[in-house]
Structure formats: C-alpha cells, structure tokens
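Colleague: Quick one: sequence and predicted model below, then my questions.
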Protein chains: 2
Amino acid sequence: MNQHIDANLPRTSSDSQLDKPNIQKSAVYNIHGLGGSQASLISDGKKSTMDHLREVGPWCRRKYQQVFRKKILYKRVPVLSWLPKYNTDDFVGDLVAGFTVGLTVIPQALAYSSIAGLPAAYGLYGSFLGCFVYIFLGSSKDVPMGPTAIASLLTFQATQGVWQKAVLLCFLSGVVELLMGLFGLGFLIDFVSGPVSSGFTSAAAFIILSSQVKDLLGITAKGNTFVQQWKSIFADIHHTQLGDAVMGFTCIVVLLLMRLLPRLKVGPPDADQQTTLQKIINKTLWLIGTARNAIIVIVCGAIGFAMYTEGQDPPFKMIGDVPSGLPAVQPPPFSIPEVVDEAGVVLQEAQSFGDMFSSLGSMLIVIPLIALLEDIAICKAFADGKSVDATQELIAIGVSNIANSFVQGYPGTGALSRGAVNNASGVRTPFGGLYTGIIVILALLFFTPYFFYIPKAALAAIIIAAVVFMVELRVVKPMWRSKKADLIPGLSCFIACLALPIEYGILVGIGLNILSILYHAARPKIHMDQLITPCGIKYLMLTPDRSLIFPSSDFVRNLINKHGLKNQTPVVIDCTHIYGADFTAAQVIDTLIKDFKSRNQMLLFLNPKPSVCSVFEGAELEYRVFYDMEHLEKAIQEIRRKSFQA
Amino acid sequence: MNQHIDANLPRTSSDSQLDKPNIQKSAVYNIHGLGGSQASLISDGKKSTMDHLREVGPWCRRKYQQVFRKKILYKRVPVLSWLPKYNTDDFVGDLVAGFTVGLTVIPQALAYSSIAGLPAAYGLYGSFLGCFVYIFLGSSKDVPMGPTAIASLLTFQATQGVWQKAVLLCFLSGVVELLMGLFGLGFLIDFVSGPVSSGFTSAAAFIILSSQVKDLLGITAKGNTFVQQWKSIFADIHHTQLGDAVMGFTCIVVLLLMRLLPRLKVGPPDADQQTTLQKIINKTLWLIGTARNAIIVIVCGAIGFAMYTEGQDPPFKMIGDVPSGLPAVQPPPFSIPEVVDEAGVVLQEAQSFGDMFSSLGSMLIVIPLIALLEDIAICKAFADGKSVDATQELIAIGVSNIANSFVQGYPGTGALSRGAVNNASGVRTPFGGLYTGIIVILALLFFTPYFFYIPKAALAAIIIAAVVFMVELRVVKPMWRSKKADLIPGLSCFIACLALPIEYGILVGIGLNILSILYHAARPKIHMDQLITPCGIKYLMLTPDRSLIFPSSDFVRNLINKHGLKNQTPVVIDCTHIYGADFTAAQVIDTLIKDFKSRNQMLLFLNPKPSVCSVFEGAELEYRVFYDMEHLEKAIQEIRRKSFQA
C-alpha cells in the first residue's frame, strides 16, 4: 500500500462533464432490489445536534414501518386506492367502456377458441371471472383480462386442442405468473428487446393468419409451424368451398372498411365546433367501427339462421352447438380419463398429471412471459408516463388465470386490441371489467343457442382482419435508420418463430439479446488522446467508456499495454466513465501496474470514483490517483525530471 | 422531425471531463471482431491533395494485403518469428529449462495418471508429442504441454478410467479446442471471472487431494464428488496399511521441506556479490528444490527396488508393470470391443462411438474451456505485459491434443507448476519443449523397468504436496476488502464443484457470472442534481452512468418520469456517460419525450455522443440537444419566459 492522493480529494457528488452551478442537492440512485421501483436514496441528511439525532432515529423507523406496511398493502391490492374515491363520472366512463369491450370480447372469444383448437364456448368461459379478479388486483385501468390471439396460439401449440390440458395449462401458468410476481421476476421481460418482441409478434400474426385459412376456405388443414400449416393447406386447397370462401373474403373486406369508419369525421375537426347532429353521427361512426366484430357476427349469424330455418342447408360451415349456461365451477383437471366409444375403441388415452405436465414443457415459462409482455404493452401504452408495476400485473394475471382455470378457461392475459377499445371508450378504473364480465355471463346464459348459426368463415375473417395489423413492418424502416444491428435479433426471431415451434423461436430471440449484452459487457471502447504537458512532455490519455468488470478487464489490460508499448510515453487512465469495478478487474489492474513498473513506464489514474478506489484499495493496489489535470501534468513533469537526474 | 441543435456542434473527439490541452491525435477504438486484438483505428488522416490521395489508396491496399497475409502466417505459425533469430544463448537457456522440466514431468506424469484413473504409462504417452507440436504452434515460451492435475481429474470424471474413452476424449477435446481457435472463441474464458476461477481451482485441489488419500493410506476408495470420495474413504479407513501411510506422510513432509530449499540462500542477497562457491551452493539448493519430485521418486523407487531384490515383500504398494517402449502410433479408438475372460464372462461391454460420445457429454465443452484457462494462466503469468493470443493457444493445444491422441495420450494442456519451473530455469523459446519430449522418450525407452518399484504412496504424496498450494485461500481476504459481492459466485462455484460433479460446478459459477452481467446491464445508476439557472429557475439534471440498451431502458424511463413528476421542474438528461443506445432505447426515449410533452414539462438533452444522436435521429425523435451549460440554461430561461407570457 503506497497510494498517493496528490491533488484535491475526490469530489463526492457531481461527476459530470461540466461545472454545474448552484448544486442544491445531490443523490445517487443505486438500485438494489430486482423488483419494480425500489430506489434507495442516499442523500446528504441535514445536520443537527446529537440530541436531535437520537430522537429522530427511532421515530423515523416507526413511521417508516407504518407507512411501509400500508404502502405495500395499497400497492398489492390497488382497489383500495381508487375505490374510496369512486364517483359518478367514473361510473359512467366504466359502464360505457365495459359494455363496449363486452361487445368486442364475445366475437373475439368465439374466434380465439378456434385458434386454440377448442370448442367456441371455452373462449367465453375464460372471459368473465378473470375480469372480476382483475378489478381487485389490477394496477392498470385499461387491461381487459381474457383470451388473446397470441395466448390462444401458444395454448394450441402446447395442448393441441385437448381441453383438459388447456385448462390445466391455464392453472399452471397462473401459478407460474403468481410466483414470478411474488419473487419479483417481472424484470425478466426487460430482456426481451423491442426488435425481438416485434419479430415474435409479427411471426405470431402470420401463424395465426395461416391457422385461419382453413376455416376461411372451408377445407381441413393442420400443423404447428408456419411451414407445416401451408403444406397442409396446399394439400387440401382443391376442396375449397365456394360458400365459405365468399363469406370469408366478403367479411374481411367489410371489416377492413368498417375499421376506417372512426376516422371519417363529419363537420369541423374540433369537437367543440360540431353541431349536435354532427357529434351524434361521429359517435355512431366510431361505435360501428369499434363494434364491427359484433356487427359482422350478428349479421352473418342472422344469415345462417335465416337459411337454416328456411330448411335450406347454408353453403358454409357454422360453429355448431355451444353448450348453454355457465360452466361448472370445479378444479382444473389434473388427469385425463380414458375415453372409450361404444365399440370399445379407445378415443383418448388416459394421461396422468406427470404426462400432462411434461407435455406442456417449456410453455410453462414461455406463456407467462408472453402473457406479461402483452399485458405490460397495454399498461405502457396508456400509462401517460406513470411507471408500470410489472410485479403487481404478474400477481393480477396470475390469480385471474388460476380463477379462470376453475371455470374451464384457457390461458389469457390483457388483450392489446380490447385494451385500445377500453381506453378509447373512456374507461376510468379497472371497474369497467365488471360490466364486461356481466355481458359475457348474459351471453352464456341467454345467447348460446344463437351462436350455433355463426359461420366459421366469419370468425376466421374477424381474426384475419385483426392480426394483419400485428405484423410490425412499420418498425423495420426506423430500425434500419436508427441501428441496423438491431435488425439481426428481430429478423432472426421472426424467422425462427416461423420455422420452429414458436416457443423455441422466442427463446432464440431472447438468447441473441443476451449474447449481445454479454458481448457489449466484454468489449468496451477505449478512447485515446495523445497529449503534451505545458513543458512539452508527451503522454497518452486512455479513457475506457464503462465499468471494468471481469469479461472486459483482460481486454482492457491488453489494449492499454499495447498502446503503452507502442508509445513509450507516460500513460494516464481517465476513469471518469468507470462507474464500477470488481475483484477480477482489480487483479487485472494490479497486473497492469506491475507490467508498467517492470518497463519503468509511468501509469497514472485520473478521476476514479470513490467506489472504484475502494475496490482497488481492497486489492492492495499501488496506484497514483489525480483529480485534476494541473496536478497530473505537474506530477508527470516531476517524475520525468527525477528519472532524467537519476 | 423537429430537432434543434442550439449550441456548438458536437465535439467530435475528446469527450472527457476536463479540458485536455494540446490534443495531437484522437482516436476511438471500436472493437468489432470477437477474437484477440482486432482493433480498427479510426484516426484523422493527414490532408493531402486529391492527386496524392489517388496514388496512395491502391498502394496502401496492396501493401496492406501483403503485410496482412504475412502477418497472419507469422501469427498462426509463431515458430517462423523466433527460429530465424535463434542463437547460442537461446540454445543454452532452452536446453537447461527443457531438461529441468523433463525431470519434473516424469514423476508428475506417473502421478497424474492415477488421478485420471489410468495406468501410469498413459501419463508419459501424453508428455512428448504435444511438446513437439507446441514448438511450432505455441505462442508462449513458458507453456509445457502435457498432463495436468485438473485435466486428469476431469478426464477421470468423464471416463472413469476406461483408457479408450480417455484417448478418444483427448482427440475430441483437441478437435473442439482447434475449432474454438479457428472460430475465435478464445474470448469465452473472459466470462469466467477471477473469483469463479479461484473457487473452481480450490475445489479441484480438494477433490484431487481426496482422490489420493486412498493411495496414501493403502486402502481402496472411489467416488466422483468430494462427498462420495470421503464417504468411501471412511468406509475403508480401518484397512489403512502402515507401510503406505508411513511412506506417504514422510514423503509429504520431505517434499514440503524441499520446497523451501530454493528460498534458502547463502551469502549476500545480491548475486553479483556472491563468491563462486556460494553461487554453486545456491544453484544446487535451487535445483534440489525444483527437482524434488524426481528425487523423491528415485529415492523411494530405490527403496522399493532394494527391498524387492532382497526377496523381501515391500510393506507398501508399488505402481507395478509399466510397458516398455514407445506407444504404438495409431488412430484414437472410436469404439470399444467386447472383452471376455477365459470363462466367457464379459469384463467390458462393447461400446459404439455414439455410446462413448454421449457418455462424454458436457465434458467436451468443459475440458477445452478449463484447458484454455490453465494454459492462458501461464501465458499471462509470464507475459511481461505483452498481450496473450488466446486464439493461437487454442490452436496449439488443440493440435497437440489431437497429436497426443494418436499415441494414446489423455487430455493435457499447459501445466502451471511446470510452467513456473520452465520460466525459473530460464527458458527462452518454445524450443525447450524438444528436450522435455526427448527426456520423456528416453524414459519410456530405457527406464520403464525401474518404474515398477515406485511406491504408489510416494506418487500420492507428490500430488498432495503440490495441490495444497492450489487452494486459493489467500484471495479471500483481498476479495472481502475489495468487493464482497464477488465472494458469492466464487464461494458458490467452490461449493457446487464439491457437491456436484465438477463440470456442473464450473457451469454454476459461469452461470452466476453471466447473471451478474445481465443484472448490471439491466439496472444502471442515475445520478441526480437539483440545479438553478443564474435567473433562479430550478431544474433537474439526471445523469445515467452507462449505455442505454434494452434491458435498462424501461427502468431508466420510469426513474426519469418519477423524478420529473415529483419535481415538476425542467429535466435535463446529461448523456455524457451514454456511449451507446439501441433501437429499444430510442423507442423508450421517444415515449419519454411524449410523456413529458403531455405534461408540458421541459425535457432537454445535454452532450449526447454522435453515435447516440444517430440512433435517436433514425427513430425520428423530437428532442432538444445542447453541448454546453450556458446555452442550456439560456434555453431553459427562454422557454420558461415564453410559457409565462403565453
């Protein structure tokens, strides 16, 4: 230990490039926890006498504990925060929004069931109880809990249309979500970058679209991956049914046109200057556009009903019997009994819990992750800059899914499309979910007989007209202009999702993301300046751009040694940007110091942070530190002078 | 796109905290490749007329191509660089060092074979051809290619003493090493941090020590993990043989004392002031200390020989028959034939290549990685600040192992203990390996009959007296003082290596290292200052400490929004330390800007690097950038004044 601190002591607060006048308060936020927003503020406390301090300590602790417990409760049961302040405006807003979302969720639930490979009723079963649970636990007003296109696709890929497995998956993924929430693992989605998320969503859109082509054309086809699906479609395309195809394509065109209705506005663009009539027309256009799925289902269902009751066999497939009434409340099936038909042929083999669990495999991780991604996307989209509590959302969707699994729902989450409807309809609290849930229950109780006549092609059209907008082609151009390298993980994830089972595709994307972080950590940049002191002594200033940690420390040592050997001038390492170091780095810097010593070359350190100094001092490094250029250059001249004299 | 650049243009070169006078040359090292030292120098070229430029371009390219090809050849076959300059001094140095290492490697090779669970001859088989190969391909003068304690341990764990598998493992790990070298994957060992490496080495020392206790006590014991080994030892400890134990413990004590001999020096400490006699005595002490293993083996072997030839059965186990002569040159065994004894009982079942390959499993990755770690540790220890070429070392040890597998060697690498002997004996080029190899060949040709009498306990003592110094207790204290958090991966790796099969232990350590990098990348620190402009307008200066990439960008947005909401003053983001950004970060900053806009709160950016600007501009952000405090504060006052007027 022979450490000289030549100049001013380290500046403890501001370390940034320019002199900042009038510093009032300075704090470093050092985040220790993994969860949402646990920031520990290390600030300069006000100075007071010892007596004051002695009183203040315990008081603070008591107060802190009280606030903390209450804060945690309010954070984990958000309904406590908003319900006491609930007013008439909130009621009206939530009622309108909840009703509108209800009109959207019914056709979507019927359609998404077919993506999941399940009878239409299962989508409805998963669309009410979760909404009720979310009222109590949800942290975002805009999230409509229920089945979504992507979750349905993943459910199909995991369960291949066996409803018992789908319901068990709902339960298990709810449990995983809840555990992830309780252990604060919400941060995991931070490792899914924007490009990978876009790649995944776009690929999912293609796969969902492909899965609906068979219903659109009235043929039979199946397959897990995009390639398998299209192979299967082309194998049966000669059986295309004219009725289904006409119905399907007509619906798609109509839906796409209706989607444009809300943008049509009569009268002046400013709502204040519109006449009452103009306002009513605009509102109606918006409502027709928003409820387009419900309208299509009703109109096409009416056509089917009319044809069927006239004794005429409709020229298209209909979804058929939907069992009437609410689902039975029962635990999710933990095993599948053997099903034997009258002739004694085994229709379905018995499966134990172990068989079912192992067949779900990595989906038990992928579904919660993707569910959280979708849910957080809604929260973020309408958060208005407030921070999103991923931990709370995990708890909310976890408990919702567990609840849904008791009424035979399959895995769901917050659906982005309905979230947008919810927000645009003026939802004000999560209470809107109540009305959505009630409408679904009413539908199950009273309207199921009419669902029989809904053409499958119309539902396929609803899905296709929605998912084409999930293909995120629009991000490619800004990504190309902004950072071309980001296209690689995005495109790779897209291709992998189409070529492999989709859960492996997303893992490929996340893997590439993690590799890029590791590479980034291992290969810092070092800025080099050749400088001259006022007395004309040349020296080299090397500025690493980030923290020194193990994967980069050897690399940095080699680079510094290389430049030191090449230039044979004193070398100064500017530690301005080095915010942290670890023991490996300290060992490597130790070797570096010895390397320079053995060459009789000067090695000086400029501006290391106190945290970095403490790591170096712990490892007993002998190093010379300076905190301004003047002292640094004086020292260089002094040492050089002495070495010439010797 | 509505971007204002208010003040000076970005400073293109120096970005560090203080004004640096007399900047001569400025360059940013931006490392693109993954391999050793591919640094692309982006420097300001000298200005010259167009004519000059036109001539210079093609000439540079031709010259560059010539130099580059030659440089690559010299880099990949390092013998070309040093052999033409070989002189008498080199010859003497290499001869002495090679001979000394030869005296060390023979007892080590015999002993390490027992760690690998193989007959003693296999250690010698792997100790000569690799040395010859390394002369041509090796980049470090100090690396003695051959069996090592840790590689022997891993070989045992992978092959359980089946020699065919050990030789195949030598071939396959050689191939993996060569491929890793050719693909530039040497950087992978950067992800093994100092603490994890210490934890692994210490645990390996304990396991090796435990594996030798049975020979030291003359009992039988086996087991893969530390726990299994000691269970097995205690089960048989009552059979301890007095002869073996006395021989073993005596040897350990003698070896530890002999190890101290080189430190004893007669006469004055400065070699120049010593008399010739003093020099001879000192040199002799050093030689005895260095060749202590050979001396112990010879002395104990002589005792065994004397007892045996006197017709007396020695009271200790001896290593027994070592086949005489060089091993046959033949391809490594790609399958194992069935072995049946005379009574028709199957001693060993037939195994196909597939069986053997799959039983080697993850060892095919772990052995090359650990081999490289050991090898690079020698290179670094004696590199004198020169950079170490991990790619070239991988190629060298890979080809050496492939060659060794053709003479029935098992996996080896550079051995740290012999490397130290090599360096201390004054080795000057890799040519020293020639003499080491020749001595091993001579031993195989002429001395194998005498190896019969070497007591097993003496070999166990040699191993134990060496590996106790591999336990890196000494790093714990500086690690504790330097960075306590680094103890976690180190200790976890140590415990995991003892409790689990050792290859999983090292993977646990590397896994923890990677998690810490990911956490580090996801949770940057943000420095906060509350400042006041000269006119008294408060504003907030937030300084993130590192690059904005996807895992941290949402976290940063939340923190900035939180402080913005709390303070309701203009917010300035100081980008001084942000050296890079990706598309996800640009999207998040875009949302952040919109968040602030919707709140009518000012958000300004200070000092972004050009690379960060280009990412933001590509994503079409509307943001206001400043490059000095004066303009920044003026702008804040101006905007504030306008908003008051409005």
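Modeller: Cool, got the structure. Numbering: from 1, shown residues only, chains lettered A, B, ... in the order given.
Colleague: Spell out, range by range, the helices that occur in the stretch 451-600 of chain A.
Modeller: Along the stretch 451-600 of chain A, counting by DSSP state H, counting those that start in this stretch, helices occupy A:456-467, A:476-482, A:487-499, A:502-522, A:550-567, A:583-598.
Colleague: nope, the stretch 151-300 of chain A is what I was after
Modeller: Here the stretch 151-300 of chain A has its helices, by DSSP H, counting those that start in this stretch, at A:163-182, A:194-217, A:226-236, A:242-260, A:276-290, A:292-309.
Colleague: give me the low-pLDDT residue ranges for the stretch 1-150 of chain A?
Modeller: Scanning the stretch 1-150 of chain A with the threshold set as pLDDT under 70 gives A:1-57, A:63-64, A:66-68.
Colleague: Could you pull out the helices in it for me?
Modeller: Going by DSSP H, counting those that start in this stretch, the stretch 1-150 of chain A shows helices at A:50-76, A:79-82, A:88-115, A:121-125, A:129-137, A:149-159.
Colleague: The fifth one versus helix A:88-115: what angle between them?
Modeller: In this structure, helix A:129-137 runs at an angle of 140 degrees to helix A:88-115, with axes from the mean of the first three to the mean of the last three C-alpha atoms, to 10 degrees as the basis.
Colleague: Now do stretch A:556-574: distance to the chain's middle.
Modeller: Offset of stretch A:556-574 from its chain centre (C-alpha atoms, centre = their mean, to the nearest Å): 43 Å.
Colleague: which phi and psi does A:Leu347 have?
Modeller: With angles defined as degrees, to the nearest 10, A:Leu347 sits at phi -80, psi -40.
Colleague: was I right about it contacting A:Asp341?
Modeller: Yes: with contacts counted by C-beta atoms under 8 Å, A:Leu347 reaches A:Asp341, the gap being 5.4 Å. Using the backbone N, CA and C atoms, a C-beta is placed for each residue, glycine as well.
Colleague: ok, back up a step: let's have the helices of the stretch 451-600 of chain A in CSV, adding distance to A:Gly304.
Modeller: Formatted as CSV, those follow (distance: least, C-beta to C-beta, whole Å):
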stretch, distance to A:Gly304
helix A:456-467, 9
helix A:476-482, 41
helix A:487-499, 34
helix A:502-522, 33
helix A:550-567, 63
helix A:583-598, 70
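Colleague: Most tightly packed of those helices?
Modeller: helix A:456-467 (a mean of 26; mean count of other C-beta atoms under 10 Å in any protein chain shown).
Colleague: angle of it against helix A:149-159?
Modeller: Using the same axes, to 10 degrees, helix A:456-467 lies at 120 degrees relative to helix A:149-159.
Colleague: returning to what we had before: can you put the helices of the stretch 1-150 of chain A in TSV and add mean neighbour count?
Modeller: Listed next are the helices of the stretch 1-150 of chain A as TSV, based on neighbours: other C-beta atoms under 10 Å in any protein chain shown:
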stretch	mean neighbour count
helix A:50-76	11
helix A:79-82	14
helix A:88-115	23
helix A:121-125	27
helix A:129-137	24
helix A:149-159	26
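Colleague: Go through those helices and name the closest to B:Pro608.
Modeller: Nearest to B:Pro608 among the helices of the stretch 1-150 of chain A is helix A:50-76 (34.8 Å), distances taken as C-beta to C-beta.
Colleague: so can I have TSV of the helices of the stretch 151-300 of chain A showing mean pLDDT, mean neighbour count and distance to A:Pro478?
Modeller: Output for the helices of the stretch 151-300 of chain A, formatted as TSV (pLDDT from 0 to 100; neighbours: other C-beta atoms under 10 Å in any protein chain shown; distance: least, C-beta to C-beta, whole Å):
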stretch	mean pLDDT	mean neighbour count	distance to A:Pro478
helix A:163-182	94	24	32
helix A:194-217	90	24	10
helix A:226-236	90	16	26
helix A:242-260	92	17	24
helix A:276-290	88	15	28
helix A:292-309	90	19	30
